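> Predicted model and sequence below, questions to follow.
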Amino acid sequence: MAVFHSNLFADAPLGTTPESSFWLDGELAGFGYDPAADQALAVLSVKVHRKPHDLEAHLRRIHSCYRNRHSAALYAALLDLSIALQGKGEALRRRILNASRLRLEPRDFQVLSALDRHDPKKLGNRYSILASGIQGSSALLAPRQAQAETSHDPLALANDFIEYSQLDQAIDVLENAVGLQPQRADLQLALLELYRSTASHERFRNAWRTFSDLAVPLVGDWQSVADYFDRQLP
């Protein structure tokens with residue numbers, strides 16, 4: 001487990017201090033996301049939802065919010081970590097909270113400092129994931145054997161976004177994935193279904209043009225969806 005010191009959050013001139021690979025989520029680069037973009041934060045939040053007991057997922061989300069000066073999202077990320085810990089690892093939680101203080105609103109810091117007086121699941125904001133009732137576990141603090149980072153399936157990630165009605169993000173994931181894995185017909189079919197269900201005519205046309213220009217091998221359903229949209233025109 002990484003030791004959390006405040007200097008891990010310290011700002012440095014761009015390009016002068018490379019970040020430890022611990023903080024960089026390889027899945028973001030694989031999907032073509034800028035770590036500073038809102039889309040990247042959405043991916044990190046979904047990963048906390050998928051694996052609420054994954055300490056690394058929590059820490060990367062917190063670090064991303066801190067580095068990008070997103071105070072409200074940082075509060076939510078710290079609150080979600082506290083919920084997942086269920087009162088365990090208090091020393092770790094305090095170190096993280098104190099290291100994050102400069103990026104938090106004073107009232108939010110006070111709330112997070114006094115969670116023992118409140119039910120944290122009732123203190124969430126719109127960025128909170130676990131305040132909706134997902135339970136954490138002391139297993140979060142259990143030692144894990146070192147293992148190579150696995151590649152996550154973009155279709156599963158897109159489905160997570162769809163589950164929470166984040167359809168634009170799901171389309172983003174699938175568009176990037178089709179460019180990276182054009183041999184996977186299932187990705188193309190899922191993307192086409194999203195274009196149809198969201199009536200994303202222009203986005204479909206732009207993607208079709210881009211993939212064709214890049215000589216990406218496309219399944220025949222692209223023409224079928226084009227015909228469908230043509231029939232919708234007045």
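Perfect, thanks for sending it. Predicted, not measured: the structure shown is a model, and the values here were computed from it.
> Where does the residue nearest in space to the middle of the chain sit: helix, strand or coil?
Nearest residue to the geometric centre of the chain (CA atoms, centre = their mean): Val43, 1.7 Å. Three-state call for Val43 (DSSP: H, G, I helix; E, B strand; the rest coil): helix.
> can you map out the helices along the chain?
26-30, 38-50, 55-67, 71-85, 90-99, 106-113, 154-163, 167-180, 185-197, 201-213, 221-232 (DSSP state H).
> Just send those back as TSV, with mean pLDDT and distance to Pro120 too.
Bear in mind the C-beta positions are built from the backbone N, C-alpha and C, glycine included. Formatted as TSV, those follow (pLDDT from 0 to 100; distance: least, CB to CB, whole Å):
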stretch	mean pLDDT	distance to Pro120
helix 26-30	50	28
helix 38-50	76	15
helix 55-67	89	14
helix 71-85	93	5
helix 90-99	90	11
helix 106-113	92	9
helix 154-163	84	23
helix 167-180	84	26
helix 185-197	93	35
helix 201-213	89	39
helix 221-232	91	45
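> Determine which of those approaches Arg126 most closely.
Nearest of these to Arg126, taken as CB to CB: helix 71-85 at 7.7 Å.
> Excluding its own residues, what touches that closest one? List them.
For helix 71-85, contacts defined as CB atoms under 8 Å, 6 or more residues apart in numbering pick out 41, 45, 48, 52-53, 58-59, 61-62, 65-66, 92-93, 96-97, 100, 103-105, 108, 111-112, 115, 120-121, 123-131, 134, 136-138, 140-141.
> mind running it again at 7 Å?
By CB atoms under 7 Å, 6 or more residues apart in numbering, the surrounding residues in contact with helix 71-85 are 41, 48, 52-53, 58, 61-62, 65-66, 93, 96-97, 100, 103-105, 108, 112, 115, 120-121, 123-125, 127-131, 136, 140.
> Which positions within it qualify as buried?
With burial defined by 16 or more other CB atoms under 10 Å, the residues of helix 71-85 counted as buried are 71, 73-85.
> Also stretch 188-196?
Residues of stretch 188-196 classed as buried by neighbour count (16+ other CB under 10 Å): 188, 190-192, 194-196.
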